[in-house]
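Novice: sequence? don't have it. structure:
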């Protein structure tokens, strides 16, 4: 197979082919989770971080590993536990007796694709160690700033039902995630296919199957795709629509009485930027050269659900963030 982007002139066109190939490969490894795959690719394109939430055993970690496996990028995994220290994440200065000086030893956050498994298992001081890395793509240790790789993406997982021994993420850190993606149980027909897939992988490990010979997709393809993303057409009406959606979360009562009772705190301007970037990525993956309201609506729940703080009334009425966003999408019109 010819490497993607082997000629400088066709790197952009190769990007669409490469991402279509990447989506196909991930679909072969993760059955029944096409929407999750698309959201991970959107986050990769939009140069953002993603929080993946779902019950145990629904392929959250597998999805992230499938993406990393097919990219020519350093993959690091950090298993968050209550006894973890910030230095276990970002690294630390180590004293060398021979030279009488300190040497920085990078932590696992110095990877391109960083999987933070069960992020809500570690206390706040460890979670906050990721803040600078996720937002500024650098870490500061001992007064010295260290730059992270150009391709850098944090993909964190968490279980929504376990509360004992967990530390809920504060709003400041949730806001650093471009999207929060929910993973549901696969359909019954897909679960049978999962059985066969895992059985085939077991046979391959025992030397009875074919080895995976597909070449990894180089990082240059991702950068070429991001360059195309920045040139997508976004008309003023779409910009107004994005802004109107986010502003509606801050003054919901002006839009609807129920929304006013349900939303306690709305989204920040970071949500506006995230919604624009995610909508452009969704449009690009769909083969479009411009953004439509449908692209904005498709990614709005993933961009906004973790940025809304719902009121006590909403909790009492069992109103979810997704239900609030769906109501808002039905009321805010394209200008």
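Specialist: Structure's in. What do you need? Quantities reported herein were computed from a predicted structural model and do not represent experimental measurements.
Novice: Quick one: neighbours of residue 119, just the number.
Specialist: For residue 119, the tally of surrounding residues (other Cβ atoms under 10 Å) stands at 25. Any C-beta I mention is one placed from the backbone N, CA and C, and that applies to glycine too.
Novice: next helix or strand past the lowest-mean-pLDDT helix or strand in the chain?
Specialist: Ranking every helix and strand in the chain by mean pLDDT, DSSP states H and E puts helix 188-205 at the bottom, with a mean of 76. Next helix or strand after helix 188-205 toward the C-terminus (DSSP states H and E): helix 219-229.
Novice: C-terminal to that next one, what's the next element?
Specialist: With elements assigned by DSSP H and E, the helix or strand that comes after helix 219-229 is helix 236-250.
Novice: just checking, what packs against that following helix?
Specialist: With contacts taken as 3 or more Cβ pairs under 8 Å, 6 or more residues apart in numbering; DSSP states H and E, helix 236-250 sits against helix 269-285, helix 293-304, helix 321-331.
Novice: okay, these in CSV with mean neighbour count, distance to residue 36 and mean pLDDT next?
Specialist: Shown next, in CSV, are these (neighbours: other Cβ atoms under 10 Å; distance: least, Cβ to Cβ, whole Å; pLDDT from 0 to 100):
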stretch, mean neighbour count, distance to residue 36, mean pLDDT
helix 269-285, 22, 14, 95
helix 293-304, 22, 10, 95
helix 321-331, 17, 15, 92
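Novice: so which of the ones you listed comes closest to residue 251?
Specialist: helix 321-331 (11.4 Å; Cβ to Cβ).
Novice: And residue 102, its phi and psi?
Specialist: Dihedral pair for residue 102: phi -100, psi 140, per degrees, to the nearest 10.
Novice: Could you count how many residues lie near it?
Specialist: Residues within reach of residue 102, counting by other Cβ under 10 Å, total 14.
Novice: ok, now residue 220?
Specialist: Burial of residue 220 is recorded as 19 neighbouring residues (other Cβ under 10 Å).
Novice: repeat for residue 23
Specialist: 17.
Novice: pretty sure residue 276 contacts residue 229?
Specialist: No: in this structure residue 276 lies outside contact range of residue 229 using Cβ atoms under 8 Å: 10.6 Å.
Novice: nearest spatial neighbour of residue 119, skipping sequence neighbours?
Specialist: Distances taken as Cβ to Cβ, 6 or more residues apart in numbering put residue 156 closest to residue 119, at 4.0 Å, once the chain neighbours are dropped.
Novice: May I have the secondary structure class of the one you found?
Specialist: strand (DSSP: H, G, I helix; E, B strand; the rest coil).
Novice: Dig out what it forms beta bridges with.
Specialist: Bridge pairing for residue 156 (DSSP bridges) gives the partners residue 51, residue 116.
Novice: Would you verify that residue 108 is located in a strand?
Specialist: No: read with three-state DSSP, residue 108 is coil and lies in no strand.
Novice: which residues does it contact?
Specialist: 76-78, 88-89, 114 (Cβ atoms under 8 Å, 6 or more residues apart in numbering).
Novice: out of those, which are inside helices?
Specialist: Judged by DSSP state H, the contacts of residue 108 include 88-89 as members of helices.
Novice: Which one of the contacts of residue 108 sits in the busiest neighbourhood?
Specialist: residue 114 (28 neighbours).
Novice: thought that residue was touching residue 74?
Specialist: No: in this structure, residue 114 is not within contact of residue 74 by Cβ under 8 Å, at 9.0 Å.
Novice: Regarding the residue of the chain most remote from its centre, which helix or strand does it belong to?
Specialist: What lies farthest from the middle of the chain is residue 98; by Cα atoms, centre = their mean that is 43.1 Å. Residue 98 belongs to no helix or strand when assigned by DSSP H and E.
Novice: From here on, call the first residue 59.
Specialist: Understood, numbering begins at 59; the last thing we discussed is residue 156.
Novice: For the spatially most central residue of the chain, give me the pLDDT.
Specialist: For the chain, residue 108 is the residue whose C-alpha lies nearest the centre (Cα atoms, centre = their mean; 1.9 Å). Here the pLDDT value assigned to residue 108 is 94.
Novice: could you measure it against residue 307, distance?
Specialist: 20 Å (Cβ to Cβ, to the nearest Å).
Novice: neighbours around residue 151, how many?
Specialist: 14.
Novice: For it, grab phi and psi.
Specialist: phi -80, psi 130.
Novice: Please name the bridge partners of it.
Specialist: The residues listed as beta-bridge partners of residue 151 by DSSP bridges are residue 162.
Novice: Let me know whether it touches residue 161 as I believe.
Specialist: Yes: contact between residue 151 and residue 161 holds when scored by Cβ under 8 Å: they sit 7.0 Å apart.
Novice: picking that back up, would you list the contacts of residue 166 in JSON lines and tack on distance to residue 278 and pLDDT?
Specialist: Output for the contacts of residue 166, formatted as JSON lines (distance: Cβ to Cβ, whole Å; pLDDT from 0 to 100):
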{"residue": "134", "distance to residue 278": "21", "pLDDT": "92"}
{"residue": "135", "distance to residue 278": "24", "pLDDT": "92"}
{"residue": "136", "distance to residue 278": "27", "pLDDT": "92"}
{"residue": "146", "distance to residue 278": "32", "pLDDT": "91"}
{"residue": "147", "distance to residue 278": "28", "pLDDT": "91"}
{"residue": "172", "distance to residue 278": "20", "pLDDT": "92"}
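Novice: Cool, thanks, talk later.
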